[in-house]
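S.K.: Model the following, please.
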Amino acid sequence: MRSDEHRRGRGIEGPRAQGAGCHAHAWHGHVRRRSALALSGLLVVLCAGCATPSQAQSLPARSDVAAPPDAVIELWEQHWTLQPDGTQVYHEKRHVRLNDERAYGEFADPRITYNAKTDKLEVLQARTRLPDGTYRELPAYGHVLVGADASTGWPAFADVQQHLLAMSGVEPGCVLEVEYRITSTPGSKRALAADLRLEHHYPVRKRVVRVTVPADVTVDAVLANVPEAGATHAAGPRAWEFSDLPASPPDPQTPPWQVRSPRLIFSTAGRASRWHAGRLAQIEAAADTSDLIAKLAEEWTKDIKDPTEKMRALQKKLAERFSFVDFPVDWRPPTPRRASEVIQCNYGLPEEAAAVLLALARAAALPVMAGIVVNDDVWQHQAPQDGMVAAYVVLHVVGARGDVRLIEEAGLGPLAVYDTAEYPELWDPHHGLLCRDRRWNSLTLLPVPDVLMPRTLLEPWTDPDESRCAVRGKVTLKDDGTLTGEFRVRAGGLFVSPEGLLTSDAQKGRLSTLVKRVLPDVSVESFSVRKLAGNEFDAVVQVKSGKPLKKLDAAWRLQLGEDGPGQGDVPLPLGRSRRELPVRLAGAFDEEIDLTVEWPEKWTVEAQPLALAAAAGDIGLIEQAVSIDGHTLRVQRHLRLAQRDVPAESFMTLRGPLNELRSEYARTLLLAPAKP
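M.R.: Take a look at the predicted model:
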C-alpha cells in the first residue's frame, strides 16, 4: 500500500483507524458521538472493458444525526496501471474536507510509502483550500522523509521509506488536496492487485477506481457486499465509480470489514491455483541449506525420536531466537530471501520464516512441504493475492507415502510434495502447531496442486455446547481473613489450547487464570489433572489467599471477579449505550459458576452479591442466583451466548444485565466479625 489511508482501504487497518472516534465513558454506559451522512444511494459505473453493463445500486442509508461529520472525503481516486514492459504505476488523488479538529490526526499529516530503490515518487499536488476559497501550497519544509514504522531498523528493508506531508493552513472548514504518483520498475512488484474497502468511517462523495493493463492481460475483479454485484472477468482497462457512500463509523469487536462493507477486489495473478503454486514455488526455492542450518537442525533435535516432537523442537527453538518482521505486502520484495541468508541475520518476513523452518525440517530428515493458510472471511479465489494470506506454514506430512517428488505448475518452479490421504500437521514458524483454538479461527489450508490431501478447515466455534467452561468450588473464610478451598475446573472448546497446556507450569497458569476470574483474591496452591485430551481440560485445584482480605470499616470484603471465566477468552464490548454494527465473538460458549463461601458462625452479612432473574434473548441467557443458609453463601451464575455474530439489537438485551453484574455492589460480600 502507498499510504496509511490507502492501506486501510486494502484491509490493513492502522492504529489511527482502529482508535478513531470520540468516546465519553461512564460506569453504567458509554455515550458516543456518531457522525454519519444520510445518503440515498450508490452509483456504480463499470467502464470500458467490463463484462457487465452500467447499473445503479443502493446501499442501506444510515440515520440522520444533528451534527455534521468530522470530515468528508469529497474526492478519492485511485488508478493502477500495468505497462507492457512490466512497469507499474500507482496514482492517487484525494480531497478531504475537515469539519472538526478530531479528524486532523488522520488526514493532516498523510504518509506515502514507497521503496526508494525501485520506486519513483512524484508529489503532484499538496495544498490546502482554506474556508475563504484561497489556497495554501505545501512549503518545501513540509516534505519530510521518515522511516516506515514496521520496517525501520531492519537493514534488508531499509529502502522502504515514507514521504510525510505536513499540511499547512489546517483549520475547520478547510479542504486538504493531495495527489501523487509512484512508478515502480519492472520486476520490483508482484501481480497488480488490491483489496479495497470502498466506504470509509467518514462519508465519501465520489470514489473512483481504475485499472489499466495491456490488451493481453486479464484483470479478475469481484464486487462484494454490494447489491446484485458479482464476479467480473474480462481483459482490458476497467473503471468503477461510486458516489455518496455513507459513513461507516467503527464499533469495537465487529466482524471484519471484508464481510460487512462494500468491497472491490481485483488481481492480474490469474486463477487461484496458479497464484498459490507460484507463492509455494518461491518458498521452496528460498528453503536452501547451509552448514549453519544443518548444524542447528542436528543440535535442536538431538536425542528426539518422535517426528512430531522433532518439529516442535525446531519450531520452538526458532521462535525463541528469530525476530519476526511483518509489514504490508505492498512494501515487501517480490521474492523472499534464501533461508541460508535469513538465518545468518536472524530476522525475516513471514514467508522467509516459513522457508527457514522448511529448510531446518528437511535437514532433520522430516517429510515436509510448504503451505499457505487463508482466512475464510478474507479469501476470494476469483481474485487471489498476497494480502489475503493468514499464515505461511510448514506441512509436516505424518505417515507420508512414498518419497518426495517434484511437480511443475506452468513453469512457476518445482514444488516438493508427498502423496498423502491424511491430514498434515500445520506448523507456523512463530506460533507453533495450528490447532482449533481462539488464535486460528476460520482458517483454511489451500490445497497443494496435484496432491491427494484433504482440505484442512480450522472451523470457528459456533456451537455453545462445544465450548463449555464450568468452575465449581467451595472456599472457607477464617477468623484472620484468609481463604482456603477447592475448585473443580472443566473447560473445553475455545477455552482450551492443546499446544498451550503441554507443561505443568502452563497448566497451572491456565487454572490460575480461570480461578482468579471467579475469585481474584485466591491463588493456586496445588492441582491434579483428571483429563487433558484434545480440547478438554478437567482438573481439581486447591486454592488459598496469600494475605487477609481487605476490610471496609470493620467488615471483611470478598469480591467476585468483574467478568466471569468465559469473558476473559471471549471479551464482550460492554459499557456502550449505543451500537449499530454486529458483535463478532471469538465463538459461542456456555459458562457456569457455582461458588460456595463459608465463614465463622457468629459473623453477620452486611452486603451480598446481586441475584439476577434470567434475562433471555434470541442469542443467549444470563442469570445469577444467590442464597444464604446460616453461615454459608452460594452463588450460581449461568451465561450462555449461542451465536458467534450477534446483531446489535440482540446484544443490547444482554448488555444491561452483564454490566450490572460487573458493578461492585453486585459482586461484593461484606462480613462483619462477631463483636468481642
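
S.K.: what about the residue lying closest to Lys316 once chain neighbours are set aside, neighbour count?
M.R.: Counting by C-beta to C-beta, 6 or more residues apart in numbering, Gly432 is the residue found nearest to Lys316 once chain neighbours are left out, at 7.0 Å. Placement of C-beta: from N, CA and C, glycine included. Using other C-beta atoms under 10 Å, Gly432 is surrounded by 19 other residues.

S.K.: Check His79 too.
M.R.: Neighbours of His79 (other C-beta under 10 Å): 17.

S.K.: The host helix or strand of it: partners in the sheet, and parallel or antiparallel?
M.R.: Using DSSP states H and E, His79 maps to strand 71-82. Sheet partners assigned to strand 71-82 using DSSP bridges are listed as strand 88-98 (antiparallel), strand 204-212 (parallel).

S.K.: mind giving me JSON lines with the ones you listed and columns for mean neighbour count, distance to Gly617 and mean pLDDT?
M.R.: Below are the strands paired with strand 71-82 laid out as JSON lines (neighbours: other C-beta atoms under 10 Å; distance: least, C-beta to C-beta, whole Å; pLDDT from 0 to 100):
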{"stretch": "strand 88-98", "mean neighbour count": "21", "distance to Gly617": "40", "mean pLDDT": "98"}
{"stretch": "strand 204-212", "mean neighbour count": "20", "distance to Gly617": "35", "mean pLDDT": "96"}
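
S.K.: Hmm, the residue nearest to Lys316 is touching Arg312, no?
M.R.: Yes: judged on C-beta atoms under 8 Å, Gly432 makes contact with Arg312 at a distance of 7.2 Å.

S.K.: and the end-to-end length of stretch 371-386?
M.R.: 13 Å (C-alpha to C-alpha, to the nearest Å).

S.K.: One more: stretch 137-153?
M.R.: Start and end residues of stretch 137-153 are separated by 33 Å (C-alpha to C-alpha).

S.K.: And the contacts of it?
M.R.: By C-beta atoms under 8 Å, 6 or more residues apart in numbering, the residues outside stretch 137-153 that reach it are 111, 113, 123, 126-128, 157-158, 160-168, 325-328, 331.

S.K.: at 10 Å instead, please
M.R.: Here stretch 137-153 makes contact (C-beta atoms under 10 Å, 6 or more residues apart in numbering) with 4, 14-15, 109, 111, 113-116, 123, 125-128, 157-169, 176-178, 323, 325-328, 331-332, 347, 349.

S.K.: what about Asp326, distance to Arg337?
M.R.: As judged by C-beta to C-beta, to the nearest Å, Asp326 and Arg337 stand 15 Å apart.

S.K.: okay, those two: which has more neighbours?
M.R.: Neighbour comparison, Asp326 and Arg337: the larger count goes to Arg337, with 18 against 13 (by other C-beta under 10 Å).

S.K.: quick one: buried residues of stretch 67-82?
M.R.: Neighbour-count burial for stretch 67-82, counted by 16 or more other C-beta atoms under 10 Å, picks out 69-82.

S.K.: okay, it in CSV with CA atoms only?
M.R.: Output in CSV follows, covering the C-alpha atoms of stretch 67-82 (Å, rounded to 0.1, in the frame of the first residue of the first chain):
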residue,chain,number,x,y,z
ALA,A,67,-24.1,17.4,13.9
PRO,A,68,-22.1,17.3,10.6
PRO,A,69,-19.4,14.6,10.2
ASP,A,70,-15.9,15.5,11.5
ALA,A,71,-14.6,15.0,7.9
VAL,A,72,-16.0,14.4,4.4
ILE,A,73,-13.9,12.8,1.6
GLU,A,74,-15.1,14.8,-1.3
LEU,A,75,-13.0,13.0,-3.9
TRP,A,76,-10.9,9.8,-3.8
GLU,A,77,-9.4,8.5,-7.0
GLN,A,78,-7.0,5.5,-7.3
HIS,A,79,-5.5,4.4,-10.6
TRP,A,80,-3.3,1.3,-11.2
THR,A,81,-1.5,0.9,-14.5
LEU,A,82,0.5,-2.0,-15.8
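
S.K.: and of the strands paired with strand 71-82, who's closest to Thr185?
M.R.: Among those, strand 88-98 comes nearest to Thr185, with 8.6 Å by C-beta to C-beta.

S.K.: what's the distance between the strand holding His79 and the middle of its chain?
M.R.: 26 Å (C-alpha atoms, centre = their mean, to the nearest Å).

S.K.: Endpoints of stretch 575-587, how far apart?
M.R.: 20 Å.

S.K.: quick one: average pLDDT of it?
M.R.: Rounded to a whole number, the mean pLDDT of stretch 575-587 is 86.

S.K.: which residues does the closest residue to Ser512 other than its chain neighbours bridge with?
M.R.: For Ser512, ignoring the flanking residues on the chain, the nearest one in space by C-beta to C-beta, 6+ apart is Val524 at 4.6 Å. Beta-bridge pairing of Val524, defined through DSSP bridges, involves Val543.

S.K.: And Val524, what's its pLDDT?
M.R.: You'll see Val524 listed with a pLDDT of 97.

S.K.: Could you do the one 5 residues further on as well?
M.R.: Note on Val529: pLDDT of 96.

S.K.: What about it, how many residues nearby?
M.R.: The tally of other residues near Val529 (other C-beta under 10 Å) stands at 15.

S.K.: Going forward, the N-terminal residue is numbered 147.
M.R.: Happy to do that; since the first residue is 147 now, the last one works out to Val675.

S.K.: Confirm for me that it is in contact with Ala652.
M.R.: No: judged on C-beta atoms under 10 Å, Val675 makes no contact with Ala652 at a distance of 11.4 Å.

S.K.: residues contacting Thr481?
M.R.: Gly333, Arg336, Gln428, Ile429, Ala431, Ala432, Glu497, Glu498.

S.K.: what about 6 Å?
M.R.: Shown in contact with Thr481 (C-beta atoms under 6 Å, 6 or more residues apart in numbering): Gln428.

S.K.: And it, how far from Glu497?
M.R.: For Thr481 relative to Glu497 (C-beta to C-beta), the value is 9 Å.

S.K.: ok, for the most centrally placed residue in the chain, nearest residue in space, not its chain neighbours?
M.R.: For the chain, the residue nearest the mean C-alpha position is Pro402 (8.3 Å; C-alpha atoms, centre = their mean). In space, and not counting its chain neighbours, Pro402 is closest to Asp523: 4.7 Å by C-beta to C-beta, 6+ apart.

S.K.: Assign a three-state SS to Glu806, would you?
M.R.: What DSSP: H, G, I helix; E, B strand; the rest coil gives for Glu806 is helix.

S.K.: That one - how many residues pack around it?
M.R.: By other C-beta under 10 Å, 17 other residues sit near Glu806.

S.K.: what phi and what psi does the backbone show at the residue nearest to it when sequence neighbours are not counted?
M.R.: Using C-beta to C-beta, 6+ apart and skipping the chain neighbours, the partner closest in space to Glu806 is Ala812 (5.6 Å). Backbone torsions of Ala812, given as degrees, to the nearest 10, read phi -80, psi -10.
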